[in-house]
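Colleague: Dropping the sequence and predicted coords here.
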Protein chains: 2
Amino acid sequence: MAKSEDPPRRATLKEVAKAAGVSLASASYAINGAGSVGEATREHILKVAAELGYRPNQSAKAMKTGKTGAIGLIVPDLTNPFFPGLAQVVIQAARAHGYSVFLTDTEGSTEEEERAVNLMIDHGVDGVIWFPIADDGPVGKLIEGVPTVVLDRNLPGYDVIQADYADGGRLAAEHLLAAGHVNIGVISGPHAASSARQRAEAAISTVRERGNLVWHVHNAYSLDLEPEVAKALDSRTATAVITGADLIAIGAMRHIRGLGQSVPDDVSVVGFDDIPWAQLHTPALTTIDMPVEDMAAAAVEALIRRMSARGEPRRRVVFNVELVSRDSVRVLT
Amino acid sequence: MAKSEDPPRRATLKEVAKAAGVSLASASYAINGAGSVGEATREHILKVAAELGYRPNQSAKAMKTGKTGAIGLIVPDLTNPFFPGLAQVVIQAARAHGYSVFLTDTEGSTEEEERAVNLMIDHGVDGVIWFPIADDGPVGKLIEGVPTVVLDRNLPGYDVIQADYADGGRLAAEHLLAAGHVNIGVISGPHAASSARQRAEAAISTVRERGNLVWHVHNAYSLDLEPEVAKALDSRTATAVITGADLIAIGAMRHIRGLGQSVPDDVSVVGFDDIPWAQLHTPALTTIDMPVEDMAAAAVEALIRRMSARGEPRRRVVFNVELVSRDSVRVLT
DNA sequence: CCTTCTCCATGAAAGGTTTCACGTCCTGGC
DNA sequence: GCCAGGACGTGAAACCTTTCATGGAGAAGG
């Protein structure tokens, strides 16, 4: 620290009141703009407070009011490029409403998720925005009592913000079919996530209608492919692959290239999410764009609403997705 | 919310004490493992507390002790892929020590930075880890009074965690020179950041010794290139480019490709930071690796130390960097 | 001139915890 | 059998704020 004088004590409201020659109550009212204080007095108090560099002690305030002015944001994995953009918007939107955000990263484990939630509740957040790892996290019950909005999963009882995953899956499949692909493989996200299942199911049923589903495997939301996924790719039976996430798509493209094949010449790939990497990748990835920023902002809005009106019926907001066509899909002639 | 019964009130310590038939003081001691409580009583109290689902009210605790158990992490821009990894490690390390972290993203503006810091101080963080945008942020004085460790910049008076930027710049330049490049351009990061200057200066002086510095321009830490940078690249006078960050390098490679040139055949590029994208990019980017995770962990360690021993002399830790050679540099024969 | 408001201002309680200072009881030493 | 001292427990203050209930003074109306 710059100075070693240990306690650069902050002025307390009592001190402000004394310095201003008014009562504690008046000082409080003046500073919070509540209660009834004469115009002149208020200004005087404010001036004195400013001089003393008064900063309200949030802990004390929180204790009285029960509101901490903090919200929690729980995401699975910050290094998944899907999340930073989300977090950024949440943080900004929250700040615009005067809230700070506790961010926590659960690193893909349900126990971490539970610990994270507990820590947050203990620290006294006013509300939580939660992007769950799986549908059945033990956390469902834990969050009881704290206003919560859930992203991505349609957890019963919570306010929910989602994208139209089924439509995304369908779009991806149709795009491939329209390009003349017949033998299509699907690498979907983890079984445990309903959003991943929805993407996959819609894609699969669309493929089945007019094409041929050659395989369907699962992979974590990661660049690294699991053995069964690698094996599926190794079989070279599909001319096109639908993936449950851009990260998986990129991992798959790497693997395909490792096989000596080319994307999109030999195999076409479509992703999901439209993370920033998607367009930077070579070839640029055709993918399903979700309006993450809008969703994040909506989550904050929903949380703010919920925090002030706890009784309201839950809401579920579903955002539209759209296919963005780039270079990873080959049109068969 | 799952239930609409408004207040699922949490048990208070007083209630625990009463239910256990002991005094408030004993209950407090038992739960905090301090003071003197008989083994039997302690266990009994703990049991009762568990039954009642007692969770200490952190606001009250914070008010008494002055410690909130929260730390703040201030980074410039979460969407810059350099930061999520850093944040993740900080969050984890902090949690391992029982701290929650307020994360805030200053979006590159110094005013935001100031607001963010104020909000954090008001919320009562016990300490702050700060990755400043510029050397002259107005924040230098603001943080006074809150234990703070600064990342990346050597701000006087603070505990500092850095990487050996000068060495990185030198390494990059030497790598290029060793590969036979002579006409070398430098795109460094923003003027305002001393770390960017150090990288550039070392690179430039090394280039000057044994090669030819054809131009030197600046760019924000972003994929988007500023006009003067584009102009420099357009001049096609350099066979190799040293950049102040991987993000800039990727932006530059895009631009170079747009010129109809190839990386590395026509122009070699070296980055700085070794962000996750670097190895995914085609061509994979040769860059300077900083041990971000270690630095993040060190920052938390340093902060913890500082929070418990405010008087200690400041420390500055400098991490070594190393060049990781990939495919974006051509060896001239 | 007196009553009745309204407007300002204040004292004091409350909120949940930690911790100091003190008291009681039992143990062990002589 | 007494006393010193340790172990265990307790009451109460303090932390800083919000907010309720109350009081006084001045203005307006009769």
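Modeller: That came through fine.

Colleague: residues near the residue in the stretch 201-333 of chain A positioned nearest to chain B, how many?
Modeller: Nearest residue of the stretch 201-333 of chain A to chain B (Cβ to the nearest Cβ) works out as A:Thr282 at 4.0 Å. C-beta coordinates here come from the backbone N, C-alpha and C atoms, glycine included. Residues contacting A:Thr282 under the criterion other Cβ atoms under 10 Å in any protein chain shown number 16.

Colleague: Name the nearest residue to the residue sitting nearest the centre point of chain A, sequence neighbours excluded.
Modeller: By Cα atoms, centre = their mean, chain A has its centre lying nearest to A:Leu86, at 4.9 Å. Closest residue to A:Leu86 apart from its sequence neighbours, by Cβ to Cβ, 6 or more residues apart in numbering or on different chains: A:Ala296 at 4.8 Å.

Colleague: Hmm, the residue of the stretch 201-333 of chain A closest to chain B is touching B:Thr282, no?
Modeller: Yes - using Cβ atoms under 8 Å, A:Thr282 makes contact with B:Thr282 at a distance of 4.0 Å.

Colleague: any low-confidence regions in the stretch 101-250 of chain A?
Modeller: A:138-142 (pLDDT under 70).

Colleague: Show me where it has its helices.
Modeller: A:110-123, A:139-142, A:165-178, A:194-210, A:227-234, A:246-258 (DSSP state H, counting those that start in this stretch).

Colleague: Could you check the angle the last one makes with helix A:194-210?
Modeller: Looking back up the chat, that one is helix A:246-258. Per axes from the mean of the first three to the mean of the last three Cα atoms, to 10 degrees, the angle that helix A:246-258 makes with helix A:194-210 is 50 degrees.

Colleague: what comes up buried for helix A:246-258?
Modeller: In terms of neighbour count (16 or more other Cβ atoms under 10 Å in any protein chain shown), helix A:246-258 has its buried residues at A:246-256.

Colleague: which other residues reach the helix or strand containing A:Lys47?
Modeller: Using DSSP states H and E, A:Lys47 maps to helix A:39-52. Outside helix A:39-52, the residues within contact range by Cβ atoms under 8 Å, 6 or more residues apart in numbering or on different chains are A:11, A:15-17, A:19-20, A:22, A:26-27, A:29-31, A:37.

Colleague: Secondary structure element for the closest residue to A:Ser59 other than its chain neighbours, which one?
Modeller: Closest residue to A:Ser59 apart from its sequence neighbours, by Cβ to Cβ, 6+ apart: B:Ala62 at 3.9 Å. Using DSSP H and E, B:Ala62 maps to helix B:58-65.

Colleague: again, but for A:Ile288
Modeller: Following DSSP H and E, one finds A:Ile288 within strand A:287-289.

Colleague: returning to that earlier point: show me what contacts the residue nearest to A:Leu86?
Modeller: Contacts of A:Ala296 (Cβ under 8 Å, 6+ apart): A:85-90, A:93.

Colleague: same thing but at 6 Å, please
Modeller: A:86, A:89-90 (Cβ atoms under 6 Å, 6 or more residues apart in numbering or on different chains).

Colleague: and what of A:Gly127?
Modeller: For A:Gly127, counting by Cβ under 6 Å, 6+ apart, the contacting residues are A:71, A:147, A:303, A:307.

Colleague: Dig out what it forms beta bridges with.
Modeller: Residues in a beta bridge with A:Gly127, per DSSP bridges, are A:Ile71.

Colleague: how much space between it and A:Asp274?
Modeller: In this view, A:Gly127 and A:Asp274 are 28 Å apart by Cβ to Cβ, to the nearest Å.

Colleague: and if you look at A:His181?
Modeller: 21 Å.

Colleague: next one: A:Pro313
Modeller: Taken as Cβ to Cβ, the span from A:Pro313 to A:Asp274 is 32 Å.

Colleague: need the residues of the stretch 101-250 of chain A near chain B, please.
Modeller: A:102-105, A:119, A:122-124, A:144-145, A:157 (Cβ under 6 Å from any Cβ of the partner chain).

Colleague: Can you flag the buried ones in the residues you listed?
Modeller: A:102-105, A:119, A:122-124, A:145.

Colleague: With distance to A:Ile187 as added columns, please give those in TSV.
Modeller: Output for these, formatted as TSV (distance: Cβ to Cβ, whole Å):
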residue	distance to A:Ile187
A:Phe102	34
A:Leu103	29
A:Thr104	29
A:Asp105	24
A:Leu119	34
A:Asp122	39
A:His123	38
A:Gly124	42
A:Gly145	39
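
Colleague: which element is the residue nearest to the centre of chain A on?
Modeller: Using DSSP H and E, the element containing A:Leu86 is helix A:82-96.

Colleague: do the same with A:Ser328
Modeller: Using DSSP H and E, no helix or strand contains A:Ser328.

Colleague: How about A:Lys18?
Modeller: Using DSSP H and E, A:Lys18 falls in helix A:13-20.

Colleague: from the buried residues of helix A:246-258, which is closest to DNA strand C?
Modeller: A:Leu247 (42.5 Å; Cβ to the nearest atom of the strand).

Colleague: residue contacts, the closest one?
Modeller: Per Cβ under 6 Å, 6+ apart, neighbours of A:Leu247: A:221, A:223.

Colleague: That one and DNA strand D: what is the separation?
Modeller: 45 Å (Cβ to the nearest atom of the strand, to the nearest Å).

Colleague: Can you tell me which of the contacts of A:Gly127 lies closest to B:Ala240?
Modeller: Closest approach between these and B:Ala240, by Cβ to Cβ: A:Ile71, at 47.6 Å.

Colleague: Just give the number of residues close to that closest one.
Modeller: 28.

Colleague: mind checking how far it is from chain B?
Modeller: Taking Cβ to the nearest Cβ, to the nearest Å as the measure, A:Ile71 falls 10 Å from chain B.

Colleague: And for A:Thr65?
Modeller: 9 Å.

Colleague: ok, that residue to DNA strand C distance?
Modeller: Taken as Cβ to the nearest atom of the strand, the span from A:Thr65 to DNA strand C is 9 Å.

Colleague: Model confidence at that residue, what's the number?
Modeller: In this model, A:Thr65 is scored at 91, pLDDT.

Colleague: Then the one 10 residues further on?
Modeller: pLDDT, the model's per-residue confidence, is 95 for A:Val75.

Colleague: Now do the contacts for it.
Modeller: A:83, A:131.

Colleague: From DNA strand D, how far out is the spatially closest residue to A:Asp136 that is not a sequence neighbour?
Modeller: Closest residue to A:Asp136 apart from its sequence neighbours, by Cβ to Cβ, 6+ apart: A:Ala192 at 7.1 Å. Between A:Ala192 and DNA strand D the distance is 43 Å, computed by Cβ to the nearest atom of the strand.

Colleague: With A:Thr237 instead?
Modeller: 67 Å.

Colleague: Determine which two of the buried ones among the residues of the stretch 101-250 of chain A next to chain B are furthest apart.
Modeller: A:Asp105 and A:Gly145 (23.1 Å).
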